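1. Structure, please.
(2 chains)
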Amino acid sequence: MKQTQLFQKTTKEVKQTDISRNAELLTKAGYVNQLMAGAYTYLPMGLSVLNKIEKIIKEEMNAIGAQEILMPALQPKEVWEKTGRYDTIDVLFKLKGAGERDFVLGATHEEVITPLAQTIINSYKDLPTAAYQIQTKFRNEARAKSGLLRGREFRMKDLYSFHTTQEDLDEYYEKVSEAYKRVYERCGLGHITKKTYASGGAFSKYSHEYQTITEYGEDIIYIIPGTDTAINKEIINDKEALKDIIPNYKDGMEKEFEQVKAIEVGNIFKLGTKFSQACELKYTDKDGSTKYPIMGCYGIGSSRLMGAIAECISDDKGLIWPKEIAPYQAHLISLVFDEEGMKICEEYYNKLKSNGIEVLFDDRTGIQAGEKLKDSDLIGIPNRFVISKKTIEQNKIEWTERLTGKTELIDFDKAISILKE
RNA sequence: CGGGGAGUAGCUCAGUCUGGUAGAGUACUAGUUUUGGGAACUAGGUGUCGCAGGUUCGAAUCCUGUCUCCCCGACCA
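-> Numbering: from 1, shown residues only, chains lettered A, B, ... in the order given. Purely as a prediction, here's the structure:
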């Protein structure tokens, strides 16, 4: 893509009061644009990053046998009354449709998938099974904030699994847990994301959250020394839980744990039969008896994850996208402005493209070198290739790795091989 | 939902205290010169001063109401 044609621009300044790092960087780099508190437009490169994150999530979900579906975001009031959550979820968006009919915008989808599952699950032979979707969710947050970290409209992957026994759910739950770990690793957050024990709500003893450590997080977690797991503050005073979670627990030892702020980038719940009972989802077991499937649900906010990555993986110059989610692998920058030089840049650009490399070409003219280089740092594409008078004279290309800042003059063929790694 | 801050040019902001008819930087357009870390000069267009009402000869400025955004807290199936 040529930068002169991109439906996206960098900007030097953002409002002084907007202090979350992800909002500042993503807005400056032009990846997102705020429509209102908690609702953002994703511009081409922003959407590209989001899509790549969601692609990773899909791959990991597919790998554990979950199947992708898509459910409506617009839902009737009635399914929510069945589970009693029409009145208990205070962030539920409620609206009137034609004929004064009451609708809900989906904040989560147990109410939709559980009745749906009845059309598929009739026998123990239909179990276990699992389906997920990635979709725009709506929550009427009293205070949407922190850029992509807490939106009123946001993207989320939600997976639901159905089982005949608790053991089978437990086993699948562990599989999902491993898949989640891979997602965060592939997104570059593996080292600062902790599997965190949290209260299970009405459904089970504990749930697990995936918490990425950042000063801008809303949660406080306690890291269990020598592990990559943590405990959410909400259960840190529950002695029974601590005994359960920590091997060789000694009274008061949690006070020594490192305490950090973190943002929840995923959670996994065991639901038991709460929803299958409420929605009358039943199957016939081997012995002919009627039973309720045991359910699990598993969420990852993909847009929040993108915000967390921007928040955590960046430096004073701007964003630094991990390779797998970067909008482009190469940022080709022309620092020559005569016709002859531009021709050479065009050739490089076309060669990169014909080699199947995702390349953004800064073909803007009449702009100072400094501005182009600063923009490149801000945008955060992993590899920068500069073409200037100097590089043309030597028949080389200048490669800079965004993460390390390491710069080398290399042959063009080597650039191709670096990008194909 | 409680507390605090803010809404003025595409963007970032000054001007509001002390009322007098709209500003800067940046961006944009044309031209000339520049070109490896946010250039220089010349010329040019840019506004319901968030919205509604009130006071006044006159309101961006004072008063009342209201909406929105940001921050802290509460909340977070």
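2. Counting neighbours, what do you get for the closest residue to residue A:290 other than its chain neighbours?
-> When the adjacent residues along the chain are set aside, residue A:290 lies closest to residue A:282, with 5.1 Å between them (C-beta to C-beta, 6 or more residues apart in numbering). Heads up, the C-betas are built off the backbone N, CA and C, glycines and all. Residues contacting residue A:282 under the criterion other C-beta atoms under 10 Å number 16.
3. same deal with residue A:333?
-> Neighbours around residue A:333, by other C-beta under 10 Å: 24.
4. do residue A:390 as well
-> Per other C-beta under 10 Å, the neighbour tally for residue A:390 reads 13.
5. Verify the assumption that it is located in a strand.
-> No. Counting by DSSP: H, G, I helix; E, B strand; the rest coil, residue A:390 is not part of a strand but helix.
6. Distance of it relative to residue A:396?
-> Taking C-beta to C-beta, to the nearest Å as the criterion, residue A:390 is separated from residue A:396 by 9 Å.
7. Residue A:292 is in contact with the residue nearest to residue A:290, correct?
-> Yes. At 6.0 Å, residue A:282 and residue A:292 qualify as touching, with contact defined as C-beta atoms under 8 Å.
8. Quickly list what's touching both of those two.
-> residue A:276 (C-beta atoms under 8 Å, 6 or more residues apart in numbering).
9. Against which helices or strands is the helix or strand residue A:87 falls within packed?
-> Using DSSP states H and E, residue A:87 sits within helix A:85-88. Packed against helix A:85-88, as judged by 3 or more C-beta pairs under 8 Å, 6 or more residues apart in numbering; DSSP states H and E, are no other helices or strands.
10. average model confidence for the helix or strand following that helix?
-> Note on helix A:85-88: by DSSP H and E, the next helix or strand toward the C-terminus is strand A:93-96. Averaging pLDDT along strand A:93-96 gives 94.
11. Sheet-wise, list the partners of strand A:93-96 with their directions.
-> As defined by DSSP bridges, the strand partners of strand A:93-96 come to strand A:102-105 (antiparallel).
12. Pull the residues that contact the lowest-mean-pLDDT helix or strand in chain A.
-> Lowest on mean pLDDT, DSSP states H and E among the helices and strands of chain A sits helix A:239-245, with a mean of 90. Contacting residues not belonging to helix A:239-245 are listed as A:197, A:205-206, A:224, A:231, A:235-236, A:249, A:251, A:254 [C-beta under 8 Å, 6+ apart].
13. So what's the gap between that helix and the chain middle?
-> Taking C-alpha atoms, centre = their mean, to the nearest Å, one finds the center of helix A:239-245 at 30 Å from the center of the full chain.
14. quick check, distance from the helix or strand immediately after that helix in the chain to the centre of its chain.
-> As assigned by DSSP H and E, the chain's next helix or strand after helix A:239-245 is strand A:258-272. Strand A:258-272 has its C-alpha centroid displaced from the chain centroid by 14 Å (C-alpha atoms, centre = their mean).
15. so where's chain A uncertain?
-> Within chain A, the segments meeting pLDDT under 70 span A:201-204.
16. need the helices for it, in chain order.
-> According to DSSP state H, chain A carries its helices in the segments A:21-28, A:44-63, A:77-82, A:85-88, A:110-117, A:166-186, A:239-245, A:274-278, A:302-312, A:339-354, A:369-379, A:389-393, A:412-420.
17. Show me which parts of the fourth one are buried, residue by residue.
-> What it means is helix A:85-88. A:85-86 (16 or more other C-beta atoms under 10 Å).
18. wait, does that helix contact RNA strand B?
-> Yes. Using C-beta under 7 Å from any atom of the strand as the criterion, contacts between helix A:85-88 and RNA strand B involve A:85, A:88.
19. Report the distance from that helix to the chain centre.
-> How far helix A:85-88 lies from its chain's middle: 27 Å, per C-alpha atoms, centre = their mean.
20. ditto for the last one
-> Here helix A:412-420 shows a centroid-to-chain-centroid distance of 30 Å under the convention C-alpha atoms, centre = their mean.
21. Which other helices and strands does that helix contact?
-> Using 3+ C-beta pairs under 8 Å, 6+ apart: helix A:412-420 touches helix A:339-354, strand A:383-387, strand A:397-401.
22. give me the number of residues near residue A:375?
-> Applying other C-beta under 10 Å, we find 22 residues neighbouring residue A:375.
23. Now do the contacts for it.
-> Here residue A:375 is in contact with A:10, A:362 (C-beta under 8 Å, 6+ apart).
24. Please consider this matter closed, and thank you.
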